[in-house]
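Student: Pasting the sequence and the predicted coordinates here, then a few questions.
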Number of protein chains: 2
Amino acid sequence: MKYTRRKFITTLGAGSALLMLPAIPTFSEPLFSGDKKLGVALVGLGNYATHELAPALQKTSRCYLSGIVTGTLAKAQKWKDQYNIPDKNIYNYQNFDRIADNKSIDVVYVVLPNSMHREFVIRAAKAGKHVFCEKPMALSSKECEEMIAACKKAGVRLFVGYRLHSDPFHKAAMKFRTEGDSGVIYVQSEFGFKIGDPTQWRLKKALAGGGAMMDVGIYAIQAARYCIGKEPISVTAQEYKTGYKKFAEVDETITWQMQFPGGHVSNSSTSYSVPLNNLYISTERRWFNLMPAFNYAGIKGSTNRGELNLPEVNQQAVQMDTFSKCIFDNTESDASGEEGLKDLKVIEAIYKAAKSGTKTKV
Amino acid sequence: MKYTRRKFITTLGAGSALLMLPAIPTFSEPLFSGDKKLGVALVGLGNYATHELAPALQKTSRCYLSGIVTGTLAKAQKWKDQYNIPDKNIYNYQNFDRIADNKSIDVVYVVLPNSMHREFVIRAAKAGKHVFCEKPMALSSKECEEMIAACKKAGVRLFVGYRLHSDPFHKAAMKFRTEGDSGVIYVQSEFGFKIGDPTQWRLKKALAGGGAMMDVGIYAIQAARYCIGKEPISVTAQEYKTGYKKFAEVDETITWQMQFPGGHVSNSSTSYSVPLNNLYISTERRWFNLMPAFNYAGIKGSTNRGELNLPEVNQQAVQMDTFSKCIFDNTESDASGEEGLKDLKVIEAIYKAAKSGTKTKV
């Protein structure tokens, strides 16, 4: 993906950065019983696992990188050397289920192409492991429901990698509606980029489930939902295509509008052809803007009161520590499987609305 | 209107500010033959005339405030004293046509409620005066056509008060598509504000012709058209209402999308209920953003290359000098009556699309 992958460089660990932030609840000590950290196995060693999650797992305080699951022997060797991973904690996609017997792996983090999320979340649940799953949670709401049911049956927790729930700028955006006059009435959210390699899995429907909408449009949906704090009732959507060959299987550019109870509205765009990276929300008289809004780092923000000065955190480290705390404390998360399911339902309604050209119930 | 009406304070006149700007064509000397300035009569002494146009006419170099037309005696007296306007250059709506015999008035600037634009533009043309007319040009494209025909028949020029055509930030936005890679593929433009007094003419359909769309949505349409540099083929639109009593006659909030030849797309919003003030445009890899985008002063901008450092000008002064130069030199303007007509055609298509819920040809 073409995000600005500017690395978060700081002398502060994620935990201490958190403690600087009045907007984020500080955790009461002890953070968890004893010094135990959850062992996390990453499944799928692509760009996101390699450049974001593994480095983040070096900064986490409640979990650590204990294992990997990969189909590529060379990757296994490289990671083993780089992160000192014992052979017994290295799996491939065939022997993955033996992970059930591995006591040093508590969590399986599924970072595979979208089409493989369902299978590996369910296999992880059956192996008795808690699950972190990347977004979009699956190819359809039906798959999400199956994944939720499997985790429930197995008595394991399921979280979706909505990294921005762990970002101070987005936490401020979520709070904005509560800080004066009316709630958030209007949201404008856009996320897109010019996608490169035309052969990549993200452009194949069977693997990705969809195009820009599934990959980055989901951030714009999420943002509208958590800034307004309600669920959309209906959507309208418009699809545009210029690259008929490159985007033969998946959506290239979509604009869509969501109608929320009480007259709140969002207007959004996503694209695999142009750079888009903005979140604007407004109440009757106040506004809040992030641009760039959805990056791993370097988010900038302002409101009607002036510039936002918030610390930058390692989103992935904070996310994994937050999920781990939910597991230790047995508390709820706002990035649960149910949350992932809600987005898939919205996405399905958007695709339906774009196809029919009419307003569609979510 | 609730724009930030922060005044432009500088020691530079509009002319010299212009000369600092490489993005704006500098005028070859002599600017016009002799020292003649055009005499401008303002028709309708409301907020915009009082707080923007009259002060701007103290900074213009090619035109000056020579007369006024008002139905209110007290206003006539106040303006007469403040601007030293001779009695012979003061008219009311009844005796307005006698302006034909007044050689010290060359231009009539119509700043009345929208419903009166057609009548006074045509009366001014019949009096042999050039016309500046505020936006929206009229209530309908049919009215615009009548106004254009009347001015043509009378041999006078007709310009529409698209002040942002005279703003350096918007001139840079117009140029952006020519400065590398592809043209502008995507435009996001929003302009809105929380409207006050529920009894004002802007909320009466007979006087305003429509609500937020006619008043400020037109800026978002304009911006998409001049940034993409093409005319929209079709539009989709969605209307939302929460204030059923306040907005019984006119539109409160509308989102709309315009499709341009070659696959270019714009997504826009306008509202009388929330603050919106942004223009974002992107090519394949470059982007350009203004926020606030549509104010009289204080526009701020950035691009993928960094912050935009452009001088602030008095938009209205530059506009009126530019129109005056077109009159002196007999040259074309990009803010002509034909330009005003194009916007009304788009607005009519948007209203139709919002009502029908289907894609509508412009």
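Tutor: Perfect, I can see it now.

Student: and the residue nearest the centre of chain A, backbone torsions?
Tutor: Nearest to the geometric centre of chain A sits A:Y162, at 2.5 Å (Cα atoms, centre = their mean). Dihedral angles of A:Y162 (phi, psi; degrees, to the nearest 10) stand at phi -80, psi 80.

Student: Spatially nearest residue to it, not counting backbone neighbours?
Tutor: A:A335 (4.3 Å; Cβ to Cβ, 6 or more residues apart in numbering or on different chains). Quick note: C-beta positions are derived from backbone N, CA and C, even for glycine.

Student: Next one: that neighbour from chain B, what distance?
Tutor: For A:A335, the distance to chain B equals 28 Å [Cβ to the nearest Cβ, to the nearest Å].

Student: quick one, phi/psi of that residue?
Tutor: The phi/psi pair for A:A335 (degrees, to the nearest 10) is phi -120, psi 50.

Student: Get me the contact residues on the stretch 151-300 of chain A for chain B.
Tutor: A:185-186, A:188, A:190, A:194, A:236, A:238, A:240-242, A:253, A:255, A:257, A:259, A:262-263, A:265, A:267, A:269, A:271, A:273-276, A:278, A:280, A:282-287, A:289, A:291 (Cβ under 8 Å from any Cβ of the partner chain).

Student: Against B:I185, how distant is the closest residue to chain B within the stretch 101-250 of chain A?
Tutor: Nearest to chain B, among the residues of the stretch 101-250 of chain A, is A:T242, at 3.7 Å (Cβ to the nearest Cβ). As judged by Cβ to Cβ, to the nearest Å, A:T242 and B:I185 stand 8 Å apart.

Student: Where does pLDDT dip in chain A?
Tutor: A:1-34 (pLDDT under 70).

Student: Which residue ranges of it form helices?
Tutor: Ranges of helices in chain A, per DSSP state H, are A:14-19, A:47-48, A:54-56, A:73-83, A:117-126, A:141-154, A:168-176, A:205-208, A:212, A:218-228, A:315-329, A:337-356.

Student: now for the last one, which elements pack on it?
Tutor: When contacts are defined as 3 or more Cβ pairs under 8 Å, 6 or more residues apart in numbering or on different chains; DSSP states H and E, helix A:337-356 packs onto helix A:141-154, strand A:158-160, helix A:218-228, strand A:234-240, strand A:253-259, strand A:360-361.

Student: was I right about A:K325 contacting A:S333?
Tutor: No - counting by Cβ atoms under 8 Å, A:K325 does not reach A:S333; the two are 9.1 Å apart.

Student: Counting neighbours, which of the residues of the stretch 151-300 of chain A next to chain B end up buried?
Tutor: A:185-186, A:188, A:190, A:194, A:236, A:238, A:240-241, A:253, A:255, A:257, A:259, A:265, A:267, A:269, A:271, A:273-276, A:278, A:280, A:282-283, A:286-287, A:289, A:291 (16 or more other Cβ atoms under 10 Å in any protein chain shown).

Student: quick revisit: okay, the helices and strands packed on helix A:337-356, which one's buried deepest?
Tutor: Highest mean neighbour count among those (mean count of other Cβ atoms under 10 Å in any protein chain shown): strand A:158-160, with a mean of 29.

Student: Residue of the stretch 251-362 of chain A nearest chain B, please.
Tutor: For the stretch 251-362 of chain A, Cβ to the nearest Cβ, closest residue to chain B: A:G263, 3.7 Å.
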